[in-house]
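Sequence and predicted model, in that order:
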Amino acid sequence: MRLPLLALLLVTACDAAARARVPLDVPPDEPPDGAAKRAPDAAPAPDLVRDRAALPDAADDAPGAALADAPPAPFVPDSSAPPDAAPPPPDAGEADAAFSGQLIVAVGNDGRHMSSLNGKIWMDDTRETAGNRDGTRNLLAVAYANRQVVAVGGGCDPRCAGRVVVFDGHTWEEVPVPDATGRLTGVAYGNGAWVAVGSMPPVLRSTDGKHWSVAAKVAVPPGLRAVAYGTVGTTPMFVAVGDGYTRVTSLDGMNWTHLVASNGTSEAYRAVAIGNGVVVAAGGRPDSGTIDSGRLVRSLDGINWTDELVRGPEMPSVVHADGKFYAFSGAGDNILQISADGKEWLMQGTNGAGSNVAVGHLGITRFFLSRISPSTVKISTDGYTWGPTAAMSMPGDSIINAFVIAGP
């Protein structure tokens, strides 16, 4: 009697142990241990819709004229990657590092600022005031360096004042600036310093973007509109341009020399770019048609300016990318001028690049951004075939004035 009873107890215990290893309240197709599950056709969570791989499909707009040397093929995202793939992890030891991944930042009138991972879906669209006019909250130019975005601006309401704000990838911070009498319209970083220029002296300088002082030890001209830093000839330098075709240079942002003074007209160089040892200034006569209104000029040393070209519509934007200068007309004129050396230019048609063009790499892809009035963003991978527009939805939209691609 004892042996059968012992066998029965052993069988019962083994059966109970086997049942304990299989959770009875989990369906067979659900991951064990509480792993998250989502139906294959479920919509991604809102914060994952920002697909950093989603780049424009140039076929959505009519193609522009092709260059003599054909443009690079538009980027096609890897279809094998999940649409809600997470951004790359931060650098080791920086669990929440600012700009551990790339971010496109846009700024505009009324203190407007917003960001995007792909140029099509924009996040945190913030507007500090209303009116879309010349006000002291306006942000007019933006640059990125050392894991920090610096935006400058200001205006007159009625007293004129400059403004600087910084963005660390998470938070926008207003920083104090010396009492200036005009708006700040250009900002650049180089040689260990940030430099901001504007409609009235002085030039401002900062080593960290947050603490600014009067830079110029000599008078600089009023009406500066843009500044860039790069190697011209064999010398790294800042070059600023502005009203009346003013040009001026500096090696350190403190001492400014080689002034080409204003000619006293309302014409202006509105943009400047440096590449291949050449600096190019672009601008012209505003609102004067499409014939002989644009103006381009170059320098090989930052001192002597030659090879001036007067042709086509005004060129308010110029950038350097992939060994070439790209000068863009304003919205509606649809003209792009391209040059490898800043001397010989090829004029092309576009399908509407818009204004305030910025350029950079987004991942491995060459990426251009612009806006068409007042606040619609356009994107391109080659500079002359522009993809679908992305209209902002904020009531009474304020003008977007500048973009930068921030991050590694």
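Structure received.

which stretches of this structure have low pLDDT?
Filtered on pLDDT under 70, the chain yields the residue ranges 1-97, 180, 217, 288-289, 391-396.

Please enumerate the helices of it.
2-20 (DSSP state H).

got the buried residues for stretch 203-217?
The neighbour-count check on stretch 203-217 (16 or more other CB atoms under 10 Å) flags 203, 204, 205, 206, 209, 212, 215, 216 as buried. From N, CA and C alone the C-beta is placed, and that goes for glycine too.

Oops, could you answer that again for stretch 272-282 instead?
Buried residues in stretch 272-282, counted by 16+ other CB under 10 Å: 272, 273, 274, 275, 276, 278, 279, 280, 281, 282.

Of these, which is the nearest to residue 145?
When those are compared for distance to residue 145, the smallest value, 14.8 Å, is given by residue 274; criterion: CB to CB.

and that closest one, what does it touch?
Residues counted as contacts of residue 274 (CB atoms under 8 Å, 6 or more residues apart in numbering) are 228, 229, 230, 231, 232, 239, 280, 320.

if we go to 7 Å?
Residues near residue 274 by CB atoms under 7 Å, 6 or more residues apart in numbering: 228, 230, 232, 239, 320.

Distance of it relative to residue 209?
Going from residue 274 to residue 209 by CB to CB, to the nearest Å gives 21 Å.

what's the answer for residue 379, then?
Plainly put, residue 379 is 27 Å away from residue 209 if you go by CB to CB.

My understanding was that residue 202 contacts residue 214; is that so?
Yes. Contact status for residue 202 versus residue 214: in contact at 4.5 Å, counting by CB atoms under 7 Å.

ok so, going back, looking at the buried residues of stretch 203-217, which is nearest residue 162?
Relative to residue 162, and with distances defined as CB to CB, the nearest of the buried residues of stretch 203-217 is residue 204, at 7.3 Å.

For that closest one, list each beta-bridge partner.
Under DSSP bridges, the beta-bridge partners of residue 204 are residue 196, residue 214.

Touching, it and residue 179? I think so.
No. Counting by CB under 7 Å, residue 204 sits too far from residue 179 to count as a contact (10.8 Å).

Residue 269 is in contact with residue 244, isn't it?
No. Under the criterion of CB under 7 Å, residue 269 is not in contact with residue 244, lying 9.0 Å apart.

Compare these two and say which is more crowded by neighbours.
Neighbours per residue, other CB atoms under 10 Å: of residue 269 and residue 244, the larger number sits with residue 269, 28 against 17.

coming back round to it: of the contacts of residue 274 - the most surrounded one?
In the contacts of residue 274, the most neighbours by other CB under 10 Å go to residue 228, 26 neighbours.

How about that one, nearest residue that isn't a chain neighbour?
Nearest residue to residue 228, sequence neighbours excluded (CB to CB, 6 or more residues apart in numbering): residue 272, at 4.7 Å.

Please name the bridge partners of that neighbour.
residue 281.

contacting residues around it?
The contact partners of residue 272, taken as CB under 7 Å, 6+ apart, are 226, 227, 228, 239, 241, 279, 281, 318.

go on, residue 389?
Shown in contact with residue 389 (CB under 7 Å, 6+ apart): 376, 377, 378.

ok, back up a step: ok, the buried residues of stretch 272-282 vs residue 111, which is closest?
Looking at the buried residues of stretch 272-282 and their distance to residue 111, the nearest is residue 272, at 25.2 Å (CB to CB).

Report the separation between that closest one and residue 240.
Applying CB to CB to residue 272 and residue 240 gives a distance of 7 Å.

next one: residue 361
Following CB to CB, the distance that separates residue 361 from residue 240 is 25 Å.

Between the two, which has more neighbouring residues?
Higher neighbour count among residue 361 and residue 240: residue 240, with 29 against 13, using other CB under 10 Å.

Please look at the more buried one and residue 227 and confirm they touch.
Yes. Checked against CB under 7 Å, the pair residue 240 and residue 227 is within contact range at 4.2 Å.

what residues are shared contacts of the two?
With contacts taken as CB under 7 Å, 6+ apart, the residues that reach both residue 240 and residue 227 are 186, 197.

Now do the buried residues in stretch 234-242.
Within stretch 234-242, the residues that qualify as buried by neighbour count (16+ other CB under 10 Å) are 237, 238, 239, 240, 241, 242.

What are the contacting residues of that stretch?
Counting by CB under 7 Å, 6+ apart, stretch 234-242 makes contact with 186, 188, 190-191, 195, 197, 221, 223-230, 232, 247-251, 253, 268-269, 272, 274, 279, 281, 302, all of which sit outside it.

Return the residues in contact with the closest residue in space to residue 125 that isn't next to it in sequence.
Distance criterion CB to CB, 6+ apart; nearest residue to residue 125, sequence neighbours excluded, is residue 114 at 4.1 Å. Residue 114 is in contact with 106, 122, 123, 124, 125, 126, counting by CB under 7 Å, 6+ apart.
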